[in-house]
Each structure stands twice: as structure tokens, then as C-alpha cells.
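Asks: Model the following, please.
(chains A and B)
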Amino acid sequence: MNPAPRELDVRPILRSGGEPFQAIMEAVNGLEAGQALRLFATFRPQPLFKVMASRGFAHEARELEGGDWEVLFTPRETVAPVEVSADAQDPEAWPDPSEHLDLTELDPPEPMVRILAAAERLQPGEVLFALLSREPVFLFPELAKRGHQWAGNFDETRTTFRIFVRAGKKG
Amino acid sequence: MPGATLSRWTMSYFAAACLFLVIGEGMMVIGYGYPFAGVDAPETLALVHVLAIGWLGLLMVGALLQFVPVLVAAPLRGGRLALPVLLLLVGGLLLLVGGFGALAGVGGLSPGVLPLGALLLVTGFGLAAAMLAATLFAARPLPLPARFVGLGLLALVATVLIGAAFALALSGAVASDLITTLLIHGVPLHAAFGLGGWLTLTAVGVSYRLLPMFMLAPEEARGTSRVVWWAGSAALTLVVVRIAWLVFDASATEEPLALAGLLAAVATILYCADVVRLFRERRRKAVELNIRASYAAFAALLLSVVMFLIPGARAAAGEGAGAIVYLFVFGWLTGLGLAQLYKIVPFLTWLECYGCVLGRAAVPRVQDLVREGHSSLWFCLYYGAVAAATGSLFAGSPLWFRAALLLQLIATLGLAAELVRARMLSSVAEPLRFPVGTPRPHLFLPISRQQE
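Replies: The predicted model follows:
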């Protein structure tokens, strides 16, 4: 469930001749993941739609009685949920990756070979980051078998899979 | 946990499937079944089921057990049923063929085994469909390729149930007007469900995922691909309508079938446009043999569907449009099956043998397991022979048909030998062949669990 939309009424600012842009951006920055913003203004805020679209929000505007406008900005759900291995606890707390691999141009199964080879070079607890053009479904069980943890998902365009691998104890 | 592991029994399915393909082609070489017997003769029924269940059915179930988890990035449900299903399907097929043999007058056999064979096949395919459907169901919302597989499984169930009704009628175990009507009018529908619904829709779905994977082409589902799915669903629905109609009125109109044929043609043309687009948008410039051989199969699909819709061509194709059905089964379904086996078998073997030492020891590349030059000649011979066999059926020349079939059988055996070489790692140079810690592959049995 997404949290309830946050409401922001900039009509008082506009009526007093002020500029509400900064207040709106502060509100946007304070949104939780997946939370929408309900904005009230004295006119249809056309320029804002483009700004919000570039930040990944869709909009829905309707005119209220008396000529004011209500706009609901909802975040587009473009980012795939993060998948993690069964034993991966708290991936946010993992150290920064010590190795970065761009494997997007390699034919499968070469990316799998490269990641497993790179994981062999890591010290226990160290992390590598890799970009792939596919979800490496055959890699996941192989990582688990070797005691490595992983977390990964597709980017917004669904064309690149991003994966963090945290090396387990040397087996 | 997301991810896909090796399906333990898939190689056994593939081995049994290839064996039945060789048996089926061998039957035609020695002049058994159509065109040396009628389309509805028991000999032809035996031949057709050896190919449709033994070769294509086992191939597809074995491939889906491996690739449905890849399509949905989730583990297979009920994987322990894989071996019982294989035994049920092979046992059911042998009983079915035995029953047809009895109808053809082979001594020592009784048509009474037909319902028993049907029971085993219904159970086997039912369990296979249940495993795969449960895997799909747990992974909703489904990506488009997986939705094709879902549709294919529905068609599989329909095909098998109609087939079981036929088995009851042919064995004489059950006599009812309804089943007799179904037997008189329903055989083309049974074939349409099986070849068009189950085998083709499933192959289309899996190819939408595997082709971009092998060619590094963009994978997102296009509008045209969605139309293919909807057209396929609508065509299947119309066939169901036709069957339901038959139940009430044996003289029912065939209009739903004409419309279903038109929808199938639309779906085929859009699908072929999709695979051409994938080829053009690929990032991997040099295409491997499995891709080139697959495109020959796509050409056969397009050609057979278009010819089927041209009344003149259909009339010239002989009884039951035999020549066109032959092109569809051997050019499209079998051609694609062999082409994909040529990729899948080396890949699964590579993963099975070298998976545990990847990154720790030098291992061969997947393509080092096969000899592309030799295999390429076998594929050329195979497709050439299929074209010749199709032509000889159009020309009504059984002698040329047998000659073409002999070449087709030789090409099939050549490709099967290449697959065996891949399984045994025969083409891999010695220092890389068995790095320390790698298990030895078995030809068609899984590596025992202790070695994993």
C-alpha cells in the first residue's frame, strides 16, 4: 500500500503575490517512496507538469468551483522491486562496491562467468556491482551455492539489470 | 528465492523425444502410414501420435520444465513429478500405438488398450500442465511470453481430452452418438488444438523470450506481439465454439473455423514480422547456427499457413492437406525444435558440468561444445529434405517421398549425433574438458545429487 497523498495548498502564497515553486519542491523532496502530492493552486500550473514529469510524476488536474485547481501528482511505478537472495539481510547497509563491472554487451552466459570470477577475488564481506542486459536467472542459484548474497533489479527502462553481490566466507 | 536451476529430467525428455523422432521418420521411410495409407487409417494414427506425442510433446514438456522458470524467474512447482510424468507419457503412448496397431490388424494386440493408454496420457499431460500452470500462477502478473505458454497449456488439456474421447470410441468401449459425431467431425479440431494451440502457441511464447536472449535484441513486449496473443486466443475460442456446436447439431456450419483460420493467419503474419524485427534490432551481429536454423522454421510456418488458406493449394496438398501439414510439422515445429535443441543441450550440459567451477578454473565456452560447420551441413540437408518431401506429397509421388524421408532421417541422425557429442563433451580440447571438481555428464540421465 502506498502512503496517503500529501496535501499542499499554495493558494495563500499565490494570493499574497508570492512564488510557491520552492515550497512545492520542498514538499516533493519530503515525499515518501510511492507517495503522491495533492496540490491546490489558483490557476492550472502548466509549467509545473513538465518539471514533475521529469522527476517521474504523472499528473491529474481538475478545476474546482470558484476557478481554483486541484492537481494530483502520482509517482510512476517504473522501478522494478528489488529482488534479494534468501540470506541477504539489510542490503542498504552493505559497504560500497569495491569492483564495478559493465557486462551489458556480453553474450550470455559470459556475464555469469565474469561475476562468479570477480566474486572469487573478493574478500568476505566485500561487494561488487555489475550491470547486465538480462536478469541472470541461472546465476542466482550459483551465487547461493557458494554462500554469496545478492540484491538486484531492473532500472527504470527495464533494459539493464543491476546487481550487488556480497562475498560470503571462503568455502 | 528468484532464479532458475537445472531441470533434472529435461535431458531424459529430450533423449526420448529424439528417439521417437527417429522412429517416426523411420516408419515413413519404410512406407508406414500416410501417404501409403489413408489419412484416417490406424497406421497413420500410430505414426502421427509417435511424432506428435513422442517427439513434439515430450520435447515441449521437457523444454517447458526448464524454461517456464526462466520465463517467470521463479522456481518450478512440483518438480518431483517430472520423472513420473515422463514414464506416464511414454507408457501411454506405447499403449496408444499398440491399440492403433491392433486396429490395423497386428496380431496379439487389442484395441482395448486404447482407453488405458489415453488414461495414462491424460494423467501425464494433466500433471505436466498442473506443474507448469502452478509455476505460472505463482508468478503473476505474467510477462507476455508466459501468457502464451498459459494459453498453450489450455490447448494441451483440450487436445488430450478430445483425444481420450476418441480412444474410448475407437476401442468400442463406449458407444454414444455424441462421441461418434465428435469422431466424424472432430479430428481436424483435435489436430488444430494440438499442433496450432498447444505446440505452436507455446513455441511462439518461448521464442519471444529466447530469441532476444540469444541475439541481444530488445525484449519489451510490442503491440504486435500482444495482438498475436489475442488473435491466438480468439482462434482457439472459435474452435471450442465449433466443438460445442457439434454437440448440439452435427450438421453445424463450419464458419467459426474459417474465421479461426483467418485469425491464425493474422497471428502468423504478425509473429513473423516480430521475429524479422528482432533480427534487425539485434546487437549481436554474428548470429549462431541455432538462430539461422530457427529462421528457416519461421519461413516454413509462414508458407504453410498461407498455403493452407489458399483453397487451390489446399486441394493440391492431398487428402487432409497432407503436404501442408507435413511442412508445418517438419519445417516449422520440428525445424524449430531441432534448432533450439542445438542451443539448449550444449548450454545445459555446460552449466551442469562447469557450473560449480565457473570463475575458479578455466572452462570452455558453450560454443566449444558443438561443431557448427558439421551441424550447419546437417541442418541444410534437413531443410532440403523437408522441402523435397513436401514437394513429393504435392506431386503425389510416394517413391520420391520415401527417398526424401531417407535423407531427412540421415540429417536427423547427424544432428542427434552432434547432440550426443555435446553431451559427452567430445569436442572440448583435453586440458579444458574436465577441470578438477567437475562432474562427468551422463548421456541422458541427471548427475546424481551427491555430485552436485
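
Asks: gap between residue A:29 and chain B?
Replies: 31 Å (Cβ to the nearest Cβ, to the nearest Å). Bear in mind the C-beta positions are built from the backbone N, C-alpha and C, glycine included.

Asks: what number of residues lie near that residue?
Replies: 8 (other Cβ atoms under 10 Å in any protein chain shown).

Asks: quick one: residue B:308 and residue B:323 touch, right?
Replies: No - with contact defined as Cβ atoms under 8 Å, residue B:308 does not reach residue B:323; the gap is 10.3 Å.

Asks: how about the longest helix that chain A contains: buried residues?
Replies: Assignment by DSSP state H gives helix A:110-121 as the longest helix of chain A. Residues of helix A:110-121 classed as buried by neighbour count (16 or more other Cβ atoms under 10 Å in any protein chain shown): A:111, A:112, A:113, A:114, A:115, A:116, A:118, A:119.

Asks: a markdown table please, covering those residues and showing distance to residue A:129 and pLDDT.
Replies: Output for these, formatted as a markdown table (distance: Cβ to Cβ, whole Å; pLDDT from 0 to 100):
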| residue | distance to residue A:129 | pLDDT |
| --- | --- | --- |
| A:111 | 13 | 91 |
| A:112 | 16 | 92 |
| A:113 | 17 | 92 |
| A:114 | 13 | 92 |
| A:115 | 10 | 93 |
| A:116 | 15 | 92 |
| A:118 | 10 | 90 |
| A:119 | 12 | 90 |
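
Asks: check the residues you listed against chain B, which are close?
Replies: A:112, A:113, A:114, A:115, A:116, A:118, A:119 (Cβ under 8 Å from any Cβ of the partner chain).

Asks: Hmm, residue B:363 and the first one touching each other?
Replies: The reference is to residue A:112. No - look at residue A:112 against residue B:363 with Cβ under 8 Å: they stay out of range, at 11.2 Å.

Asks: what secondary structure does residue 38 sit in?
Replies: Let's take chain A. Of the three states, residue A:38 takes strand under DSSP: H, G, I helix; E, B strand; the rest coil.

Asks: wrong one, chain B
Replies: Here residue B:38 takes the coil state, with states given by three-state DSSP.

Asks: then stretch B:325-343 to CSV, C-alphas only?
Replies: Provided in CSV are the C-alpha atoms of stretch B:325-343 (Å, rounded to 0.1, in the frame of the first residue of the first chain):
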residue,chain,number,x,y,z
VAL,B,325,0.5,-30.3,-42.6
TYR,B,326,3.8,-32.1,-43.3
LEU,B,327,5.6,-28.7,-43.9
PHE,B,328,4.0,-27.3,-40.7
VAL,B,329,5.1,-30.3,-38.6
PHE,B,330,8.6,-30.9,-40.0
GLY,B,331,9.5,-27.4,-41.4
TRP,B,332,8.1,-25.3,-38.6
LEU,B,333,7.7,-27.4,-35.3
THR,B,334,10.4,-29.9,-35.9
GLY,B,335,12.8,-27.5,-37.5
LEU,B,336,12.4,-25.0,-34.6
GLY,B,337,12.7,-27.9,-32.1
LEU,B,338,15.9,-29.2,-33.6
ALA,B,339,17.4,-25.7,-33.9
GLN,B,340,16.7,-24.9,-30.3
LEU,B,341,17.9,-28.3,-29.1
TYR,B,342,21.1,-27.5,-30.8
LYS,B,343,21.5,-24.5,-28.5
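
Asks: Show me which residues of it are buried.
Replies: Quick answer for stretch B:325-343 (16+ other Cβ under 10 Å): B:325-343.

Asks: Residue B:375: helix or strand, and which one exactly?
Replies: helix B:372-395 (DSSP states H and E).

Asks: by contact count, what packs against that helix?
Replies: Judged by 3 or more Cβ pairs under 8 Å, 6 or more residues apart in numbering or on different chains; DSSP states H and E, the packing partners of helix B:372-395 are helix B:289-309, helix B:322-326, helix B:335-354, helix B:398-423.

Asks: Indicate which one of these is closest to chain A.
Replies: helix B:335-354 (6.2 Å; Cβ to the nearest Cβ).

Asks: and the worst-scoring helix or strand of chain A on mean pLDDT with chain B, contact?
Replies: Every helix and strand in chain A was compared by mean pLDDT, DSSP states H and E; the lowest is strand A:83-84, with a mean of 79. Yes - Strand A:83-84 reaches chain B (Cβ under 8 Å from any Cβ) through residue A:83.

Asks: How many neighbouring residues does residue 103 have?
Replies: Answering for chain A, as no chain was given. 21.

Asks: meant chain B actually
Replies: Quick note: residue B:103 (other Cβ under 10 Å) scores 18 neighbours.

Asks: next one: the one 10 residues further on
Replies: Applying other Cβ under 10 Å, we find 20 other residues in the vicinity of residue B:113.

Asks: So what touches the least confident helix or strand of chain A?
Replies: A:91, A:149, A:150, A:151, A:152, A:153, B:2, B:73 (Cβ atoms under 8 Å, 6 or more residues apart in numbering or on different chains).

Asks: which residues sit in contact with residue 81?
Replies: Chain wasn't specified; assuming chain A. residue A:153.

Asks: think we crossed wires, I meant chain B
Replies: B:127, B:128, B:131.

Asks: What is the nearest of those residues to chain A?
Replies: Of these, the one sitting nearest to chain A (Cβ to the nearest Cβ) turns out to be residue B:131, at 18.0 Å.

Asks: Now the closest one. Nearest residue, chain neighbours left out?
Replies: Leaving aside its sequence neighbours, residue B:131 sits nearest to residue B:78 (Cβ to Cβ, 6 or more residues apart in numbering or on different chains; 4.2 Å).

Asks: Kindly report the same for residue B:133.
Replies: residue B:153 (5.6 Å).

Asks: Distance of that neighbour relative to chain A?
Replies: 21 Å.

Asks: For the helix or strand hosting that residue, name the packing helices and strands.
Replies: In this assignment (DSSP H and E), residue B:153 forms part of helix B:144-171. Using 3+ Cβ pairs under 8 Å, 6+ apart, the elements in contact with helix B:144-171 are helix B:58-72, helix B:82-103, helix B:113-137, helix B:177-185, helix B:187-191, helix B:202-215, helix B:223-248.

Asks: could you redo the last one with a cut-off of 10 Å?
Replies: Secondary-structure packing of helix B:144-171 (3 or more Cβ pairs under 10 Å, 6 or more residues apart in numbering or on different chains; DSSP states H and E): helix B:42-49, helix B:58-72, helix B:82-103, helix B:113-137, helix B:177-185, helix B:187-191, helix B:202-215, helix B:223-248.

Asks: among these, where is the model least confident on average?
Replies: Sorting the helices and strands packed on helix B:144-171 by mean pLDDT places helix B:177-185 lowest, at a mean of 81.

Asks: Buried ones in that helix, by neighbour count?
Replies: B:179, B:181, B:182, B:183, B:185.
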